[in-house]
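Trainee: Whatever this is, show me its structure:
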Amino acid sequence: MFREMRRSKQLLTTEDTKAVMNRSTSGVLACLGDEDYPYAVPLSFVYFNDKIYFHSAKMGHKIDAITNDSKVSFSVTDEDTIVSKEYTTYFRSVIAFGKSRIVEGDEKFEAFLSLVKKYSGDQPKKAQYKEIAECSHAYIIAIDIEHITGKEAIEFVRAKK
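Mentor: Sure, this is the predicted structure:
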C-alpha cells in the first residue's frame with residue numbers, strides 16, 4: 001500500500017526515526033482540505049506511544065479537514081543545513097502516514113500531559129496539571145501511524161561509516 005523509499009541507503013533505522021520524532025518540536029500536518037485542495041499546517045506535537053498527538057481548536061479548517069477525511073500525513077525536518085558549495089542541503093526528516101481521530105478519557109489526559117511536559121516540562125507539576133484541567137476549549141488529536149519512514153542526506157550516511 002505504501003511506497004518503498006527509492007533511495008534505501010538513506011533510510012533511517014526505526015530507532016533513529018523515533019529519535020527524530022522525539023527531538024523535533026514542530027511538524028507539518030497534511031490533509032484533504034476544502035474543495036479537495038491539499039491543506040498543510042505546521043503545528044506542535046508529541047510522539048508518544050508510537051502515535052503523534054497535537055491539540056486543535058474545536059472549530060476551524062484543520063478540524064473540519066480531519067473530521068471529513070481521517071487520512072493524513074505528517075512530516076518533520078530534524079536537520080536542514082545549507083551546503084552552498086555543493087548546491088544542496090544536508091537533511092534528516094521523517095514522514096508518517098496514518099489516520100487521525102479525536103481522543104478522549106485517559107488517552108486524552110496522557111497525551112495532553114505528554115504535550116505539556118515536552119513544551120513546558122520546566123514548569124511546576126501543579127501548574128502543568130492546572131493547565132490541562134482548565135483547557136476544555138481544545139481537542140487532542142491522535143494520528144494512528146500506519147507507515148513511517150525517516151531519511152537522511154547521503155553525506156550523513158557516509159559519515160557514519
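Trainee: buried ones in stretch 121-131?
Mentor: residue 128 (16 or more other Cβ atoms under 10 Å). C-betas here are computed from N, CA, C, even on glycine.
Trainee: for stretch 73-93, same thing?
Mentor: Residues of stretch 73-93 classed as buried: 73, 74, 76, 78, 90, 91, 92, 93 (neighbour count, 16+ other Cβ under 10 Å).
Trainee: I would like the residues contacting it, please.
Mentor: 12, 20-21, 23-24, 26-31, 45, 52, 94-98, 143, 150-153, 155-156 (Cβ atoms under 8 Å, 6 or more residues apart in numbering).
Trainee: same thing but at 6 Å, please
Mentor: Residues from elsewhere that reach stretch 73-93 (Cβ atoms under 6 Å, 6 or more residues apart in numbering): 20, 24, 27-30, 52, 94-97, 143, 151-153, 155.
Trainee: Quick one: mean pLDDT for the helix of greatest length in the chain?
Mentor: Ordering each helix of the chain by length in residues (DSSP state H) puts helix 105-120 first. When pLDDT is averaged along helix 105-120, the result is 94.
Trainee: going on from it, what's the next piece of helix or strand?
Mentor: Per DSSP states H and E, the first helix or strand lying C-terminal to helix 105-120 is helix 125-134.
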